[in-house]
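**Q** Let's see this in three dimensions:
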Amino acid sequence: MVVFCDEQIPFLSELLKQKVDVVLFSGRKLSNTELLKSNCEALFVRSTTKVNSSLLQQTKVKFVGTATSGIDHIDVDYLKSKDIYFVDAKGSNANSVAEYVVFSILHWHFTNQVELSASTIGIIGFGNIGKIVAKYSNYLGLKVLINDPPLKELIESGLAEKFQDFCEYCEFPEIIKYSNIISNHVPLTFSGKYPTYYLFNENNLSLLQEGTLFIHTSRGGVVKEKSLIKLKFDKNLSLVVDVWENEPQINMNLLKICLIATPHIAGYSFDGKLRGAKKLVDEFQKFFGIKIDTSVLEQELSRYKPAEKPFFSTHSKLYQQLKESRQILDDFEKFKKILEIDDLSEKSKYFDFLRKSYPIRREIL
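**A** Below you'll find the predicted structure:
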């Protein structure tokens, strides 16, 4: 069997090589011709590979796995129509993104001398990431407001558990008005009852409080960047941006005005990548009935030792340890060098290079 695997998914290709032939590829460069010539049957990708009819038509691919939580790069309807099994890594990088949010809040707190005990965080989207962000925000002493209309409907229908006691539900306009920290964790969707494309447009962003911290780690396209830039100055906002419209061709004007800006790496902790790889290989084994020795991966995963709640009580110590473990400010400094590059194609290559060469960073929360 031939399996194509994105070269940036740690451990996965080494594990698969025990039983199958593995072809490594770089995310944006995979073609339909390569899959056809190789008789590929399984494909493992990241968000840089668009998986649709153009890529898969007439191939023998019957299994697709993405090492990401977001799936806007996958044409799920097409996969269903061709009876191609699909699995994502939803939840695997949730703690990584939550750590990034916690660090951003603490950096804002110490940079602007904002009192966290008097602050309110509004969390838009209460899935895997949103729930952890809410828990950590509560540990930090923040008041926690949440908004997730689809989940609210499930709860009201008795199909989902109620929100935690420390969370207060707010409708979308109110949560923006009443929070001085906003963190969004919704998928990028263009249709349905609750589409999220440009969820944060000029009308909604204009409701933000003066001096609000706005953290954007979901997907480019959820926020209208031109409106965010305008409101940054009108409202004196502090911006933390990890995801961008039209990646890897990012908005340089937005980058210039951010408190923190990074190249879509909030979920790139090594622990998050390992969890994603583990989920993919487990599903692969089940689907094809192949037994793979994953002990090396499990041993690496066992190194994660999460901190307990009391660790959050000393903000300065927590900030310093996250600063050292995740090195997000170092990422920011490297990212800003993209402003010195004149050629647009070279800027795009640099964006991809930073992601491709991202170093090992371990979680501590």
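**Q** so the residue of the chain most remote from its centre is in which element?
**A** Within the chain, residue 37 marks the point farthest from the mean C-alpha position, 33.1 Å out by CA atoms, centre = their mean. Here residue 37 sits within helix 32-38, counting by DSSP states H and E.
**Q** other SSEs contacting that helix?
**A** The contact analysis (3 or more CB pairs under 8 Å, 6 or more residues apart in numbering; DSSP states H and E) places helix 32-38 against strand 2-6, strand 21-25, helix 53-56. For glycine as for every other residue, the C-beta is placed from the backbone atoms N, C-alpha and C.
**Q** deepest of these, which one?
**A** strand 2-6 (a mean of 22; mean count of other CB atoms under 10 Å).
**Q** mind listing what it pairs with, with the direction of each?
**A** Within its sheet, strand 2-6 is paired with strand 21-25 (parallel), strand 42-45 (parallel), according to DSSP bridges.
**Q** Could you give the separation of the shortest one from the chain centroid?
**A** For strand 42-45, the separation from the chain centroid amounts to 19 Å (computed by CA atoms, centre = their mean, to the nearest Å).
**Q** next one: stretch 77-88
**A** Taking CA atoms, centre = their mean, one finds stretch 77-88 lying 22 Å from the centre of the chain it belongs to.
**Q** Which positions within that stretch qualify as buried?
**A** 78, 79, 84, 85, 86, 87, 88 (16 or more other CB atoms under 10 Å).
**Q** who touches that stretch?
**A** Outside stretch 77-88, the residues within contact range by CB atoms under 8 Å, 6 or more residues apart in numbering are 51-53, 56, 61-66, 68-69, 71, 74, 76, 279-280, 283, 287.
**Q** To residue 293, which of the helices and strands packed on helix 32-38 lies closest?
**A** strand 21-25 (15.2 Å; CB to CB).
**Q** Let me see the residues that make contact with that closest one.
**A** With CB under 8 Å, 6+ apart as the criterion, strand 21-25 contacts 1, 2, 3, 4, 5, 6, 7, 13, 16, 34, 38, 40.
**Q** give me every residue that touches the last one.
**A** Same thing as residue 40. Residue 40 makes contact with 2, 3, 4, 23, 34, 59, 60, 61 under the criterion CB under 8 Å, 6+ apart.
**Q** ditto for residue 259
**A** Applying CB under 8 Å, 6+ apart, we find residue 259 in contact with 104, 107, 108, 111, 213, 238, 239, 240.
**Q** Point out the ones among these that are inside helices.
**A** Of these, the ones assigned to helices by DSSP state H are 104, 107, 108, 111.
**Q** surely the second one meets residue 260?
**A** Yes - taking CB atoms under 8 Å as the contact criterion, residue 107 and residue 260 are neighbours in contact, 6.5 Å apart.
**Q** hmm, back to that, of the contacts of stretch 77-88, which qualify as buried by neighbour count?
**A** Buried among those by 16+ other CB under 10 Å: 51, 56, 61-66, 68-69, 71, 74, 279-280, 283.
**Q** Sort out which one of the residues you listed lies nearest residue 133 for me.
**A** residue 69 (13.5 Å).
**Q** Only C-alpha atoms, please: export stretch 45-58 in CSV.
**A** Included here for stretch 45-58 are C-alpha records, laid out as CSV according to Å, rounded to 0.1, in the frame of the first residue of the first chain:
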residue,chain,number,x,y,z
VAL,A,45,-2.4,16.4,5.3
ARG,A,46,-2.3,19.6,7.2
SER,A,47,-4.2,22.9,6.5
THR,A,48,-1.9,23.9,3.6
THR,A,49,-3.2,21.1,1.3
LYS,A,50,-6.6,21.6,-0.3
VAL,A,51,-8.3,18.2,-0.4
ASN,A,52,-11.1,18.3,-3.1
SER,A,53,-12.1,16.8,-6.4
SER,A,54,-9.2,18.4,-8.2
LEU,A,55,-6.7,16.6,-6.0
LEU,A,56,-8.5,13.2,-5.6
GLN,A,57,-10.4,12.6,-8.9
GLN,A,58,-9.8,9.2,-10.4
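**Q** For the stretch 251-365 of the chain, which segments count as strands?
**A** Under the criterion DSSP state E, counting those that start in this stretch, strands of the stretch 251-365 of the chain are mapped to 260-261.
**Q** dump the residue contacts of the residue nearest in space to the middle of the chain.
**A** Residue closest to the average C-alpha location in the chain (CA atoms, centre = their mean): residue 267, at 4.8 Å. Residue 267 is in contact with 68, 69, 93, 94, 96, 97, 100, 217, counting by CB under 8 Å, 6+ apart.
**Q** Dump the residues you listed to CSV, plus secondary structure and pLDDT.
**A** Shown next, in CSV, are those (DSSP: H, G, I helix; E, B strand; the rest coil; pLDDT from 0 to 100):
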residue, secondary structure, pLDDT
68, coil, 92
69, coil, 87
93, coil, 95
94, helix, 97
96, helix, 98
97, helix, 98
100, helix, 98
217, coil, 98
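**Q** buried stuff in the host helix or strand of residue 177?
**A** Here residue 177, judged by DSSP H and E, is contained in helix 172-178. Judged by neighbour count (16+ other CB under 10 Å), helix 172-178 contains these buried residues: 172, 175, 176.
**Q** Done for today, thanks.
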